[in-house]
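[1] Build me a model:
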Amino acid sequence: MIRLLVAAGLLAAASGFYLPGVDPKTFSPNAPVEMKVNTITSTHTQLPLDYYSQPFCKPDGGPKAASENLGEFLTGSKIQSSPYHIYMLLEDFCHVLCQKTLSKSDASSLQEVISQEYHNHWIIDNLPSAMIVNSDNLMYTEYAGGFPIGFVGTDKVTYLFNHVKILIEYHQVVPDEEGYRIVGFYVEPISVKHHYVDGWEWDGVAVEGRSRPLETCSNSQWLNSDQVEEFQTVKEGEQVLFTYDVIWSESETKWASRWDIYLSMDNRVPARIHWFSIINSLLIICFLSAIVGMILVKNLKRDISNYNRVLTDEEKAEEREESGWKLVHADVFRPPYNNPMIFCVFVGTGTQLMMMIGITIALASIGFLSPAKRGSMMMMIIVMYVLNGATAGYVSSRLYKSFRGRAWQRCTILTAVAFPGAAFVFFLFCNIVLSIYHSSAAVPFLQILSVMALWCCVSIPLVFLGAFFGYKKEMWEYPCVTSTIPREIRPLPWYLQRWAVIAMGGVLPFGAAYVELFFILSSIWMEQFYYVFGVCFVVCLILGITCGELSILFCYFQLCAEDHRWHWRAFLICGSTAFYVFGYSTVWFNLLEPSKLLITYLLYFGYMALISFGIFLVTGTIGFMSCFWFTNLIYSSIKVD
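    Presented below is the predicted three-dimensional model:
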């Protein structure tokens, strides 16, 4: 346990680093600094939209899409060029970008996205924009979630943030040399109704409008929010002038640590909360280990000693009747009565998902998945799932052969297509719905073909390859011979009934992980950064140990009650953790303050159901494998006549 605590400390302290290939970019004075825009998002709708779907200023020649990987497409990212002109160390104040006259559809669209609290996401030198909030004489910075497009006032009037104050922090690479690196990017959005000097009006086309002075801001000083006298309203026919300031500030922050403030969330999530998550999980596992140690190990040692003891002539003459788990030795390794093939498919797929999760989190915890590489996490998940197809095929085939199954082709096909096929069909359905809503989260057709190619050309062949080696292996030798006629099963007490133990089984594993689950859900659905993968790895490890010990404990009680049908029960006892996860996510959903759009509910509950089913397969597989090892161990320790 001490080693586990040390490991928890080391992994929790692990932070991401920049891999080779993610090199720093050095700028010289007055060099152009490109700013890009990503999709606009809202936690209330979960429906990302193209930035230029709104009446914002566009660059000359139209926006150009940035090169993106498959992971970025699958996460709904759509990075494009912007019309903002920024140059290294060159400050610019009250720069007129463009003027838009809002049509009825423009005003309606802006009012809708502002009321649903959509946020902009800008990028400079691969750094996401943090937001400077200046409200009620309180100024603070938010490092996740972008910055809002506008706001709805207390008078129910919609206002647009048409002026942005862009603050960029830089660090000089070598003192006295002209080489600079960007280490911070902040945006303060401001709403201001602009007016030209002397009441001059711009038609939005004449070149003069870009250089003519404004009454509402000065080209010699940045605009402060407390200087604003009138906000920019959103209504039909309104002329909106978009402007921006660029401010440069030297910082002591090194380039290699510029992401630290984003990943620490500006100390909004204290480290002690994550430590509480680990301590909470460790307390649960200590409690469970104590029960296993006091009850199970002590009783097992006594049982094995009694079963292996040589009886005296007097004891033989008494023909003493035995009781307990030894009596079911001829039935304990009998295949599951219900759906043995489906059981093997579940275990094989659960092993595949378990390997995928374990490897991905382990790599992330030691820094191999840098947040600077957008989409890298999703790409790693896909690659690990595809490559572990061989693991799924091997495990399901080896187990199915031990059950003396004959329809091995069907078992292998189900392992290859059942879970990924269901997930892919749901993904396609959601993609069609997202396309109807004109969401940028709709994945392009070529990227869908890429996913299909990975599944059909890599994953499925690997499943069959693993199954080939699994079926070629000799059948697993059990320590006891299975009888021809199954033993009659006595009625079980209520607390060992199937649904009672399944309902109880998921409580402790869920309790070991629920604290960290909150932050994971926030990362997925509330656009928060999550990078404490060291903590996550330790919590997942403790979750697995909890599932293993719990399933062994219930399996022992069941065998002592002379019920040999342990396979499905061991799987379902730990798999029931997923039901608690889904129930918790249902309650957590209210934190999003969801909109009334049907697509919001479809996306959230659809994907949470899919994630929960994956958790069901993983935890269930851990439960079964633990009991499989346990039963082989105890029955190989006794003498059977």
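
[2] Tell me, how many residues neighbour residue 397?
    27 (other CB atoms under 10 Å). C-beta: built from backbone N, CA, C; applies to glycine.

[3] Tell me the confidence at the nearest residue to it once chain neighbours are set aside?
    With CB to CB, 6 or more residues apart in numbering as the criterion, residue 397 has its nearest non-adjacent residue at 3.2 Å, and that residue is residue 470. You'll see residue 470 listed with a pLDDT of 93.

[4] Look up how far residue 386 lies from residue 470.
    18 Å (CB to CB, to the nearest Å).

[5] residues touching the most centrally placed residue in the chain, list them.
    For the chain, the residue nearest the mean C-alpha position is residue 524 (5.1 Å; CA atoms, centre = their mean). Neighbouring residues of residue 524 by CB atoms under 8 Å, 6 or more residues apart in numbering: there are none.

[6] And for residue 332?
    325, 480, 559, 564, 566, 631, 635.

[7] same thing but at 7 Å, please
    Neighbouring residues of residue 332 by CB atoms under 7 Å, 6 or more residues apart in numbering: 480, 559, 564, 631, 635.

[8] ditto for residue 544
    Per CB under 7 Å, 6+ apart, neighbours of residue 544: residue 622.

[9] what about it, helix or strand, and which?
    helix 533-560 (DSSP states H and E).

[10] quick one: contacts of the next helix or strand after that helix?
    Sequence order places helix 567-575 as the next helix or strand after helix 533-560, per DSSP H and E. Residues from elsewhere that reach helix 567-575, judged by CB under 7 Å, 6+ apart: 336, 338, 343, 346, 498, 501-502, 505, 509, 547, 550-551, 554-555, 558, 616, 619-620, 622-624, 627.

[11] Quick check on the residues you listed: which are buried?
    Using 16 or more other CB atoms under 10 Å as the burial test, the contacts of helix 567-575 include 336, 343, 346, 501-502, 505, 509, 547, 550-551, 554-555, 558, 616, 619-620, 622-624, 627 as buried.

[12] Return the subset of those residues lying in strands.
    Among these, no member falls in strands (DSSP state E).

[13] all helices for the stretch 1-150 of the chain, in order.
    Along the stretch 1-150 of the chain, the segments classed as helices by DSSP state H, counting those that start in this stretch run 2-12, 70-74, 104-115.

[14] packing partners for the longest one?
    Applying 3 or more CB pairs under 7 Å, 6 or more residues apart in numbering; DSSP states H and E, we find helix 104-115 packed against strand 150-152, strand 158-160.

[15] quick check: mean pLDDT across that helix?
    96.

[16] Output it as CSV, restricted to C-alpha atoms.
    What follows is helix 104-115, C-alpha atoms only, in CSV (Å, rounded to 0.1, in the frame of the first residue of the first chain):
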residue,chain,number,x,y,z
LYS,A,104,-32.9,40.5,-40.1
SER,A,105,-31.4,37.0,-40.4
ASP,A,106,-28.0,38.3,-39.1
ALA,A,107,-29.6,39.9,-36.0
SER,A,108,-31.8,36.9,-35.4
SER,A,109,-28.8,34.5,-35.6
LEU,A,110,-26.6,36.7,-33.3
GLN,A,111,-29.4,37.0,-30.7
GLU,A,112,-29.9,33.3,-30.7
VAL,A,113,-26.2,32.4,-30.2
ILE,A,114,-25.7,35.1,-27.6
SER,A,115,-28.8,34.0,-25.6
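
[17] Just the buried residues of that helix, please?
    Quick answer for helix 104-115 (16+ other CB under 10 Å): 106, 107, 109, 110, 111, 113, 114, 115.

[18] Quick check: residue 109 touching residue 50?
    No - applying CB atoms under 7 Å, one finds residue 109 not in contact with residue 50, separated by 11.6 Å.

[19] overlap in contacts of those two?
    Counting by CB under 7 Å, 6+ apart, nothing touches both residue 109 and residue 50.

[20] gap between residue 428 and residue 328?
    When CB to CB is applied, the distance between residue 428 and residue 328 equals 47 Å.

[21] more neighbours, these two?
    residue 328 (25 against 14).

[22] hang on, that one packs against residue 487?
    Yes - Residue 328 lies in contact with residue 487 (CB under 7 Å); the separation is 6.1 Å.

[23] shared neighbours of the two, anything?
    residue 564.

[24] quick check, nearest of the buried residues of helix 104-115 to residue 366?
    Taking CB to CB as the measure, residue 366 lies nearest residue 113 of the buried residues of helix 104-115, at 39.7 Å.

[25] Now tell me which helix or strand of the chain has the poorest mean pLDDT.
    Lowest mean confidence among the helices and strands of the chain (mean pLDDT, DSSP states H and E): helix 2-12, at a mean of 41.

[26] Which of the buried ones among the contacts of helix 567-575 fall within helices?
    343, 346, 501-502, 505, 509, 547, 550-551, 554-555, 558, 616, 619-620, 622-624, 627 (DSSP state H).

[27] show me where pLDDT drops low in the stretch 51-200 of the chain?
    The stretch 51-200 of the chain contains residues with pLDDT under 70 at 134-140.

[28] rerun at 90
    67-68, 130-146, 154-155, 173-179, 196-200 (pLDDT under 90).

[29] if we can go back for a sec, which of the buried residues of helix 104-115 lies closest to residue 231?
    residue 114 (12.1 Å).

[30] thought residue 352 was touching residue 388?
    Yes - in this structure, residue 352 is within contact of residue 388 by CB under 7 Å, at 4.6 Å.

[31] shared neighbours of these two, anything?
    By CB under 7 Å, 6+ apart, no residue touches both residue 352 and residue 388.

[32] Which of the two has more residues huddled nearby?
    The neighbour comparison of residue 352 against residue 388 (other CB under 10 Å) goes to residue 352, with 33 against 22.

[33] quick one: contacts for the more buried one?
    Residue 352 neighbours (CB under 7 Å, 6+ apart): 385, 388, 389, 391, 392.

[34] element containing it, please.
    With DSSP H and E as criterion, residue 352 is part of helix 340-365.

[35] again with residue 395
    Counting by DSSP H and E, residue 395 is found in helix 389-402.

[36] buried sites along the next helix or strand after that helix?
    Downstream of helix 389-402, the first helix or strand assigned by DSSP H and E is helix 408-436. Judged by neighbour count using 16+ other CB under 10 Å, the buried positions of helix 408-436 are 408, 411-417, 419-420, 423, 427, 430-431, 433-434.

[37] How about stretch 487-496?
    So stretch 487-496, judged by 16+ other CB under 10 Å, has buried residues 487, 492, 496.
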